[in-house]
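J.: predicted model, plus sequence, below.
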Amino acid sequence: MVSSSVGLGMACLLLVSCMAVVPSLAKDYTVGDASGWTTGVDYSTWTSGKTFKVGDSLVFNYPSSHTVDEVSSSDYSTCTVGNAITTDNSGATTVALKKAGTHYFICGVVGHCANGMKLAVKVESGSAPPSNDKPSTTTTSTTKPSDSSSWSLSPLIAVVTTWVALLLMVIS
Ligand SMILES: [Cu+2]
């Protein structure tokens, strides 16, 4: 009887520690941080050290004299405007990263890409399901019904549950 209780306690601990490791929330990244989306910013410096996952979003803030164009890898390299996959000039563009792989963005105003308005973001397939329910201005939303509530376990709850599991083991 005692050993089965201990086993249960161990199982609880294992489960909780696994869940605590899972990254729980999708992140919004403000492109360029305080600088926003503009000329004269090195966006490769901005992306370095950041890990982008499916479900995260990029937030572009800029005056409407700029645009946010998602482009192909070759158009990104050559700063070719006019073939954009998606484009927006609303001044506030949120792009949901829905697919793994590298996404390329440039400004569609001639000369701006060459002046630094180019952003390449490598997106990794995350283990958490995409929980983006905000409207995206550049991508059509194909929202699948998914239960993401079980993944948003906060670290605090994980800690509390761990202590309860430990307590169970001590009592048994
Ligand atoms: Cu521009």
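T.: Structure received.
J.: interface residues of the protein facing the ion?
T.: H66, C107, V109, H112, M117 (C-beta under 5 Å from the ion). From N, CA and C alone the C-beta is placed, and that goes for glycine too.
J.: which of the residues you listed has the most neighbours?
T.: Comparing the residues of the chain next to the ion by number of neighbours (other C-beta atoms under 10 Å), C107 comes first, having 28 neighbours.
J.: measure the closest residue to T30 other than its chain neighbours to T80 for me?
T.: Leaving aside its sequence neighbours, T30 sits nearest to V59 (C-beta to C-beta, 6 or more residues apart in numbering; 4.8 Å). Per C-beta to C-beta, to the nearest Å, V59 is found 25 Å from T80.
J.: swap in A114?
T.: 11 Å.
J.: can you pull the contacts of N115?
T.: Residues in contact with N115 (C-beta atoms under 8 Å, 6 or more residues apart in numbering) are T39, G40.
J.: quick one: A120 and V59, what's the gap?
T.: 17 Å.
J.: over to G101?
T.: Separation of G101 from V59 (C-beta to C-beta): 20 Å.
J.: between the two, which one's more packed in?
T.: V59 (16 against 12).
J.: what's across from that one in the sheet?
T.: Note on V59: beta-bridge partners by DSSP bridges are T30, T94.
J.: contact partners for it?
T.: Counted by C-beta under 8 Å, 6+ apart, V59 has contacts D28, Y29, T30, V31, A92, T93, T94.
J.: what about T51, neighbour count?
T.: If we define neighbours as other C-beta under 10 Å, then T51 has 12 of them.
J.: what does K50 give?
T.: Neighbours around K50, by other C-beta under 10 Å: 11.
J.: all helices of the chain, in order?
T.: Under the criterion DSSP state H, the chain contains helices at 2-21, 43-47, 73-78, 155-171.
J.: gap between the nearest residue to C113 once chain neighbours are set aside and G111?
T.: Excluding its sequence neighbours, the residue lying closest to C113 (C-beta to C-beta, 6+ apart) is C79, at 3.6 Å. Separation of C79 from G111 (C-beta to C-beta): 9 Å.
J.: so what's the residue count around G126?
T.: Applying other C-beta under 10 Å, I find that G126 has 19 neighbouring residues.
J.: circling back: ok, the residue nearest to C113 touching F105?
T.: No - taking contacts as C-beta atoms under 8 Å, C79 lies outside contact range of F105: 11.8 Å.
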